[in-house]
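> got a structure for you, letters missing:
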């Protein structure tokens, strides 16, 4: 049985290598809006660990094998730093909902570091999740769309 964690002790963020770039063309990471993470950490009163993404999507098959120069190794380096600075860290929570590609890579890194991978949103109905966000009072503005069948002109910048 996996224990339930209730305390967030740090935030970790991977951001583009270039300050001028807001969003990477990445198989693994969505970096749009990464500038706000500093404010999240301040509001929560916890440390923020950051690392610039140096790698690229070198190993693109579904199951991940440690590959030097792959962008997943940037996550490994970042989480290694978090674990070194805060040895009590025992788990990583990610927002993976439907991407096996992303989930398996987070799990690979966590396994290598002896951490649990928590994906509370995994395989949840996306319409249900959206309705939950709306009913909880979250005000969100669409800044990126990556879904087949949706068009930006109908949703871009709308709340």
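Noted; the coordinates are in hand. Worth saying up front: this structure is predicted, and the values here are computed from it rather than measured.

> Now stretch 119-136: buried residues?
Across stretch 119-136, burial judged by 16 or more other CB atoms under 10 Å covers residue 119. C-beta: built from backbone N, CA, C; applies to glycine.

> Can you give the contact residues for it?
Stretch 119-136 is contacted from outside by 93, 94, 95, 96, 97, 98, 103, 106, 140, using CB atoms under 8 Å, 6 or more residues apart in numbering.

> end-to-end on that stretch?
Stretch 119-136 has its terminal residues 20 Å apart, counting by CA to CA, to the nearest Å.

> Scan the contacts of stretch 119-136 and report the most crowded one.
Scoring the contacts of stretch 119-136 on neighbours with other CB atoms under 10 Å, the highest-scoring entry is residue 106 at 24 neighbours.

> On the pLDDT front, check the residue nearest the centre of the chain for me.
By CA atoms, centre = their mean, the chain has its centre lying nearest to residue 94, at 5.2 Å. If you check residue 94, the pLDDT there is 90.

> picking up where we left off before, just give me the closest of the contacts of stretch 119-136 to residue 47.
Within the contacts of stretch 119-136, the smallest distance to residue 47 is 15.6 Å, found for residue 93 (CB to CB).

> quick one, what contacts the closest one?
By CB under 8 Å, 6+ apart, residue 93 lies in contact with 5, 8, 118, 119, 120.
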